[in-house]
Every structure is written in structure tokens, then in C-alpha cells.
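[1] After the sequence you'll find the predicted model.
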Amino acid sequence: MRVGMVCYPTFGGSGVVATELGKALAAQGHEVHFITYDQPVRLGSFRPNVYYHEVRISKYPLFDYPPYELVLASKMVEVARQQKLDLLHVHYAIPHASSAYTAKQILKDGGIHLPVITTLHGTDITLLGKDPSFEPVISFAINQSDAVTAVSSSLQSDTYKLFGINRDIEVIPNFICPSHFADLGSEHARSDFAAEGESLVCHVSNFRSVKRVEDVVRAFALLVAQRPARLLMVGDGPDRPAAERLARELGVADRVTFLGKLKNPLEALALADLFLLPSESESFGLAALEAMACGVPVVATEAGGLPEVIRHGVSGMLAPVGDVERMADHAAFLLAPENHDQFRKQALERASSFHIDAVLPLYLTAYERILTPHPTT
Ligand code: GMT
């Protein structure tokens, strides 16, 4: 199969899912053509069957806002024609699914049928969906796709609730590739961050307001009142300064290290004892799954798809959004020496049910379904 894979190339979960999916398809012998404005961060080096086509926007003085969607659609058309793509898999409704619709119509005009599968990842639905100015485009792009997947049942039902959807949406969860967790030797040792007898807590995100990073700091400050601990904050974004300020105000700044963006956040996760994810909304929570795959139990909120990933009392514990006292109590319970090993094992076990080998066939079946011959007029 020749697949065009369209995603955001950045550190976000949707880009990671698209990139790892593309790599797994390529490893099975499929040809995968990434179409993005930059090299996807997890693409790694030179590998068979993987190609990268850059979407380049020239700066034209007439445009205050360069028309990225149109340049992307043109690139999709060019790659589809030249590489004889069988299908396009676009990650995010806006602008990828809407550009794919434009590309599909242009190709149809030339007698080429290019099926499009759209994967919804979350903020395109849960945040943009609340902005009425996007609603018609998102609904249209979803309805016009040949297949649509969502990363959790929660996101599937939000999509039906927020948009005028008249088609099936299949749930295909995020996944992990266990080989990535096998040998996570980093140049840091755990002792660089936490002394003997101290627990190491970790948070990884893009520090957007939806992540409630100040709640990480608040819950951590309450936890250190109960047991000795240190906190690693991995990532960067708009709310980082507020979180740093809060750590100083709460008197825990000397226990918190802000590491910024890491090329491979798994290296930091692998050193941790507990992962904190107090998000306001989270369609799946790939970072939580990756923590569990490192054997790190999770304290998270009950928001969105998180309860589908973290089994309360098994691979971690859940609390209502904003309830930092409960989060701190959960953290203290999971970190207690008599509980921690058991939760580590259970986190690993739970993560293994999201193995790529179980999830890849779901995408392949969806691809095969849209590849059945289709008239071009
Ligand atoms: O979490 C983010 O803010 C990044 C965002 C993205 O668009 O890349 O992640 C979303 O997609 C991931 C992959 O499907 C999910 O695991 C994340 O839960 C989802 N983020 C939100 O819903 C906030």
C-alpha cells in the first residue's frame, strides 16, 4: 500500500501517533509518504519505505495570513499523482481533513480516486469544537472523509455531541511500541534528580492551559508535606512561567526541575516513580500511556478518555479536575513502599494492552475498507 500520512510534525501526541504508525506500516513493507511542514520529531533517521515531502509556504506580501491549507492541498495532489498514493491518512480535522477534501476533488477532476481517512485526536474537537466559527468546516470535513477514527470512546461521543455528524466514527486507541521502552539508557541517573529515599514525580506536556500545569505544582507541594519527593517538569509552553512562579510561592522551587522540551521524554519518564496528569480535558493521554509503559503509575483527572487508559486503583488513580488534595493523597498512596511495586507491575500490564501489534491491524482493516474500487465520476 502507498499511504500519504499528514500530521503536525511537532512534539504533540497526534504527531507521535502518526509518525509511529507510519514507521510501523513501513516496517511491514508499505510505502509511507509523510506530508508536513517540517520533519516529524519522532521520524528518526533514514529507514526503508519512509519518505518525507515538505510543505513550503512562500511569503507573499499580499497575504497577511499565508494560505497553508491551500499549499498543503496542492502538495497532497502533487504527492498523490507522483507517488501513486492509494490513500491519504490525515491526523486532525482542521486543517488536514479539509485540505484533503480539496485535494480529493482536484484529483477526481483528473480521474483519480484518492480515499481519505481522518483520525480525530482531541483538541480539534474538544477545544475548536466550542468555537462556532469552525463548526461547519469540521462537520463537513468529517462527513466527507471515507473513514473516520477517534482515539477514545469519549472523543467519539464528544464529536457526535458537538458536530452535525452523519457517519460512523470508529474508536482506535493510541498505542505503544514496546521496543522503544526496552533500552532507555540516558546520560542522567535517577540520583541526579532525587536522593535515596526521595520519590521522583514527573509531568510531561506542552504546558497549555488545558494541561493545568499549576495543578501539578499544587498537588506536588501537598505531596511533599506527606513524603520526601522531587518533581521533573518536561516540556514547554505558555503556562510554564506561571508554574515556575507558583513553585517559588509555595516554597517547593528547590524540589522542582523544569527540563524544557526533550527530544525523547521517555528517558525522563523511565527515571520516575509517578506521573501526574491533571488535565482539564484529554482525549486519550498518550503521555500517561507512555509513563505506564515505563512502569510508572499515573495520577490523573477523570477527564475525557483518561479513564479508558488508566484503570483507577490498578494502573494509577483518578481525581476530579482541580481536586489537588485528592491527587496528592492518591500520589502518597501509590508511592508508599508497600504499594508502589504492585502498581508499577499493574501499570506495565495495562500498557501492554495498547501494544502496536493489537492496534496496527485496526488501522489496516480501516484502510482496506476504503480501498475497495470506487467510481471516479
Ligand atoms: O496533548 C496535547 O495537547 C497534544 C495533542 C495533539 O494534538 O497532539 O494530543 C492529543 O492527541 C493525542 C494523540 O491522540 C492524545 O493522546 C492527547 O490526549 C490529545 N490531547 C488532548 O486531548 C488535550
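    Received, thanks.
[2] drop to CA atoms for contacts and neighbour counts, all remaining ones
    Fine.
[3] Show the contacting residues for the closest residue to Tyr68 other than its chain neighbours.
    Once flanking residues are discounted, Tyr68 sits nearest to Ile57: 6.8 Å by C-alpha to C-alpha, 6 or more residues apart in numbering. Ile57 makes contact with Pro66, Tyr68, Val71 under the criterion C-alpha atoms under 8 Å, 6 or more residues apart in numbering.
[4] what pLDDT does Ile57 get?
    For Ile57, the pLDDT comes out at 84.
[5] Work out for me the element it sits within.
    In the assignment (DSSP states H and E), Ile57 maps to no helix and no strand.
[6] Kindly report the residues of the stretch 201-350 of the chain close to the ligand.
    Listed as neighbours of the ligand in the stretch 201-350 of the chain under the rule C-alpha under 6 Å from any ligand atom: Ser281, Glu282, Ser283, Phe284, Gly285, Leu286.
[7] Pick out the most distant pair among those residues.
    Distance extremes for those: the farthest pair is Ser281 and Leu286 at 12.9 Å, using C-alpha to C-alpha.
[8] any idea how far Ile370 lies from Glu196?
    55 Å (C-alpha to C-alpha, to the nearest Å).
[9] And the two? Which one has more around it.
    Using other C-alpha atoms under 10 Å, the more surrounded residue of Ile370 and Glu196 is Ile370, with 18 against 8.
[10] per-residue confidence for that one?
    96.
[11] I figured it hits Ser145, correct?
    No - if you go by C-alpha atoms under 8 Å, Ile370 and Ser145 don't touch, sitting 9.9 Å apart.
[12] Show me what the host helix or strand of Pro241 packs onto, helices and strands only.
    Pro241 belongs to helix 240-249 when elements are defined using DSSP H and E. Here helix 240-249 touches helix 213-224, going by 3 or more C-alpha pairs under 8 Å, 6 or more residues apart in numbering; DSSP states H and E.
[13] so how far is the helix it packs on off the chain centroid?
    For helix 213-224, the separation from the chain centroid amounts to 23 Å (computed by C-alpha atoms, centre = their mean, to the nearest Å).
[14] List the buried residues in that helix.
    Val213, Glu214, Asp215, Val216, Val217, Arg218, Ala219, Phe220, Ala221, Leu222, Leu223, Val224 (16 or more other C-alpha atoms under 10 Å).
[15] Mind pulling up the pLDDT for Pro9?
    For Pro9, the predicted pLDDT is 88.
[16] show me the contacts for it.
    Gly15, Thr36, Tyr37, Asp38, Gln39, Pro40, Val41 are the contacts of Pro9 under C-alpha under 8 Å, 6+ apart.
[17] Residues that sit against both of Ile370 and Ser145, list them.
    In contact with both Ile370 and Ser145: Pro115, Val116, using C-alpha under 8 Å, 6+ apart.
[18] still on that earlier bit, ramachandran coordinates for the residue nearest to Tyr68?
    For Ile57, the backbone dihedrals (degrees, to the nearest 10) come out as phi -110, psi 120.
[19] State the distance from it to Glu31.
    From Ile57 to Glu31 the distance is 26 Å (C-alpha to C-alpha).
[20] Likewise for Phe63?
    36 Å.
[21] in this structure, which helix or strand is least confident?
    helix 123-126 (a mean of 73; mean pLDDT, DSSP states H and E).
[22] buried stuff in the helix or strand following that one?
    Next helix or strand after helix 123-126 toward the C-terminus (DSSP H and E): helix 135-144. Residues of helix 135-144 classed as buried: Glu135, Val137, Ile138, Ser139, Phe140, Ala141, Ile142, Asn143, Gln144 (neighbour count, 16+ other C-alpha under 10 Å).
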